[in-house]
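The following comprises the amino acid sequence and a computationally predicted model.
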Amino acid sequence: MPRGDGTGPRGQGPGTGRGMRQAKGGLGLSGGFAVGPGGSCVCPSCGEKVSHQLGSPCFEQKCSKCGAAMTREYPSQ
């Protein structure tokens, strides 16, 4: 924009060109799976499963059998 009045060439303003990237595969910006409120938390060490509690991430829970940090069980794609 030569005079800063918005009359510059088309296609050269902010948000155009190679600098803008989009998330691929529907994974969002952080690459998460967004599996929702249901599902299970599973222990990677012994395989113990518990119901996932809304608002409490699985990785913050400890396994009741072996004490390892739980992980989220993701649906197969």
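Looks like it came in fine. Numbering: from 1, shown residues only.

For burial, what's the neighbour tally of the residue lying closest to C43 once chain neighbours are set aside?
Nearest non-adjacent residue to C43, counting by CB to CB, 6 or more residues apart in numbering: C63, 4.0 Å away. For the C-beta atoms, the positions are set from N, CA and C on the backbone; glycine is no exception. Counted with other CB atoms under 10 Å, the neighbours of C63 add up to 19.

What of M70?
23.

So what does it look like in phi/psi?
phi -80, psi 160 (degrees, to the nearest 10).

Now do the contacts for the nearest residue to G38 once chain neighbours are set aside.
Here the nearest residue to G38 in space, its sequence neighbours aside, is H52; by CB to CB, 6+ apart that works out to 6.8 Å. Contact analysis of H52 by CB atoms under 8 Å, 6 or more residues apart in numbering lists 37-41, 58, 72.

ok, now C66?
Contacts of C66 (CB under 8 Å, 6+ apart): 43, 45-46, 48.

Buried only: go through those for me.
Those of the contacts of C66 that meet the buried threshold are 43, 48, by 16 or more other CB atoms under 10 Å.

in stretch 44-57, what's buried?
Applying a neighbour-count criterion of 16+ other CB under 10 Å, one finds 48, 52 buried in stretch 44-57.

Please save the CA atoms from it in CSV.
Output in CSV follows, covering the C-alpha atoms of stretch 44-57 (Å, rounded to 0.1, in the frame of the first residue of the first chain):
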residue,chain,number,x,y,z
PRO,A,44,0.6,-48.0,30.2
SER,A,45,2.4,-50.3,32.7
CYS,A,46,-0.2,-52.8,33.9
GLY,A,47,-3.2,-52.1,31.6
GLU,A,48,-5.7,-51.0,34.4
LYS,A,49,-8.6,-49.0,32.9
VAL,A,50,-10.7,-46.4,34.7
SER,A,51,-13.4,-44.1,33.4
HIS,A,52,-12.2,-40.7,32.2
GLN,A,53,-13.5,-37.9,34.5
LEU,A,54,-14.4,-34.6,32.8
GLY,A,55,-12.0,-31.8,33.9
SER,A,56,-9.3,-34.2,35.1
PRO,A,57,-6.7,-35.1,32.5
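
Any regions of the protein where pLDDT drops low?
Scanning the chain for pLDDT under 70 picks out the ranges 1-6, 8-37, 75-77.
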